[in-house]
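Engineer: okay, here's the prediction I keep looking at, along with the sequence it came from:
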Amino acid sequence: MQTTTEQWLKTIPQDKGYYFAGFADGEGSFNVSLRKRDDHHIGWQVVLTFNVSQKESYILSQFKKLLGCGRLQTRPD
């Protein structure tokens, strides 16, 4: 039986998946951080982040659409 995540990944067209992987490899980073949170069961919140730097906002908006989540932020530089 496939999980929801496995089913979702199969909805990404293969060519876009390859492009996304290559783009992330060259321009992205994955981060895991812990935040002290008294309102969480173990007292910590695990935060997973995927960052991509790109001046072309259209490309980033397409990734956001493809992933179905995220937010775009503009840096002043």
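Structural biologist: The structure has been received and is ready for your questions.
Engineer: now the residue nearest the centre of the chain: how far from His41?
Structural biologist: Nearest to the mean C-alpha position of the chain, counting by CA atoms, centre = their mean, stands Phe50 at 4.2 Å. For Phe50, the distance to His41 (CB to CB, to the nearest Å) stands at 25 Å. Glycine gets a C-beta too; all of them are placed from N, C-alpha and C.
Engineer: surely the residue nearest to the centre of the chain is in contact with Ala24?
Structural biologist: Yes. Phe50 lies in contact with Ala24 (CB atoms under 8 Å); the separation is 7.3 Å.
Engineer: looks to me like Asn31 is in a strand.
Structural biologist: Yes. Under DSSP: H, G, I helix; E, B strand; the rest coil, Asn31 sits within a strand.
Engineer: and the residue lying closest to it once chain neighbours are set aside, what element?
Structural biologist: Spatial nearest neighbour of Asn31, chain neighbours left out: Thr49 (4.4 Å); criterion: CB to CB, 6 or more residues apart in numbering. Following DSSP states H and E, one finds Thr49 within strand 44-52.
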